[in-house]
Each structure stands twice: as C-alpha cells, then as structure tokens.
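Chemist: sequence and computational prediction follow.
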Amino acid sequence: SDAARVEIEAPELCGRYTARVLRGVKIQPSPDWLRQRLEAIGQNSINNVVDVTNYVMFELGQPMHAFDLDKLSERRMVVRRARAGEKIRTLDGMERALTKDMCVNADASRAVGIGGVIGGSETEIGFSTRNILLESAWFDAISVRRTAKALGLRTEASYRFERGCDPEMAELASRRAAEMIQQLGGGEILSGVVDVYPGRAAAPAIELSRKELLRVMGADVRDRDIEEILSALGFHPARTDSHRGT
C-alpha cells in the first residue's frame, strides 16, 4: 500500500480490484515453453510479463493486466466512469472515444485502460519497464458487454468477464502471476496486496450430510478426515450434527 494506491469510484462497475507491485523486473522474450504454449492456442507472444498474464488467464479463467508503474501518475489507480469527451489510445494502436457509462482504469490524470476490455498504450509493458503494477480485478458482466459492443472490440478478457468471472479468483490469480513473473524476469515482489473489495458477499453455507457423502463416495470417511480434506480445499468446516458429520 506504500507503493501504489487503488480507489474504486464506481463499485457498481468494479466489485473488486487487487494490485500487486513488482520492482526490478527484467522484460525480455518469453522462454520457448511459454511462447509455444501460447502460440498453440492462437496467442501471439509479446514479452515475458504480458505472456504470463495471458497464460494465467487461460489457466485460471481470470483476466489480468500489467501496467508500467512508473508511467502511472502519482502511482494511483482509480476505477471510475469515463468522463464526457474522454479518449484513450488502446494497446491495438486505436484512439477510442469513451462515454460516461464505460468503466475505465485511470491514474491521477487520465484513463489508462478500459475496465475488463483492454489496456492503454501509454502504460503498456515495454523492454524499458522495470516496475510493474499487476491488476487482477472483477468487472461487471453487463457493463463489459455493453462497452465491448459499443467499441466493436472483443478481447479474451471481455469474453470472460461478459460470461461472469469469480471475484474470489482475483487474488489467487494475482499471486500465481506474480510468482511466474519473478521466475521469468527476476525482481522483487513487494509483500502484501492492495485489495479493494466493495462487492464482497458473505460466504454461503453448504450442508454436507453423512448420508450424501456415503451416496457419492460409496465408502465411509472419518469425520476428522473429512474436516482435514475440506480445510485443505479452503473451506471452514463446522460440525452441525455429531452423527451426520460436517
């Protein structure tokens, strides 16, 4: 949080935004294994950092974007509605006119990306980049679909957000991508994560009866083993009936 700031001014358009900071990363061509895997599914290799964000998107279903941190004014990321007459040059080299119902990622002075659709060219990762802000967020499906349609711009990110991503995946995917970037580009991952989550909902309670467990498993499992397995999977099991299990 000392290295970058995140504000969500339009929580109805962006329900979660996580940001990690990496310093001293060496931007270079991707290793053959990564390039070949991306090319096998029709993705062009760009560089090691951009390729990692694409790889993890296909791996976990969570779109991400990497910004050159040093090109973000005040090192701020503000998720807001576009302003009247605002324009942005996107990564495909096109200048696009925005409307007030579109969600943008902005720094302290201008839009630097179209939320859930595509990044801007002014903050893209290049071979001179050393410090990175890694975005992994959740954008509203309807907003992304309307924006992509209005701009005539469908991307791998918009394709996924339009169909509904899991906001709980954002932070996990961020950790996975940060790990891979450090492996391929070195540098330092700053501890912690900026995680603004206005759309957080209470975790649902799921009842698993011993009768249902026996029906599915076809074998008995001790309560202690059930609790250990569920805990390892990220659940928080609590017994509600000592005879029926968790």
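Modeler: That came through, no problem. Numbers count the residues shown, from 1 in each chain.
Chemist: what is the least confident helix or strand in the protein?
Modeler: Every helix and strand in the chain was compared by mean pLDDT, DSSP states H and E; the lowest is helix 210-217, with a mean of 89.
Chemist: after that one, which helix or strand is next?
Modeler: Elements were assigned by DSSP states H and E; along the chain past helix 210-217, the next helix or strand is helix 223-232.
Chemist: between that following helix and helix 210-217, how big is the angle?
Modeler: On the basis of axes from the mean of the first three to the mean of the last three Cα atoms, to 10 degrees, helix 223-232 is oriented at 70 degrees to helix 210-217.
Chemist: dig out what the residue most central in space within the chain forms beta bridges with.
Modeler: Residue closest to the mean C-alpha point of the chain, counted by Cα atoms, centre = their mean, is S136 at 2.2 Å. For S136, the beta-bridge partners are T18, M64 (DSSP bridges).
Chemist: mind listing what it touches?
Modeler: Contact analysis of S136 by Cβ atoms under 8 Å, 6 or more residues apart in numbering lists 18, 20, 62, 64, 170-171, 173-174, 177. Placement of C-beta: from N, CA and C, glycine included.
Chemist: now the helices for the protein?
Modeler: 32-40, 48-60, 141-151, 156-163, 169-185, 210-217, 223-232 (DSSP state H).
Chemist: so which of those helices gets nearest D2?
Modeler: helix 169-185 (17.1 Å; Cβ to Cβ).
Chemist: and the average pLDDT for the closest one is what?
Modeler: For helix 169-185, mean pLDDT rounds to 98.
Chemist: what's the local residue count around the nearest residue to G85 once chain neighbours are set aside?
Modeler: Of all residues not flanking G85 in the chain, A97 sits nearest, at 7.7 Å (Cβ to Cβ, 6 or more residues apart in numbering). Using other Cβ atoms under 10 Å, A97 has 12 other residues around it.
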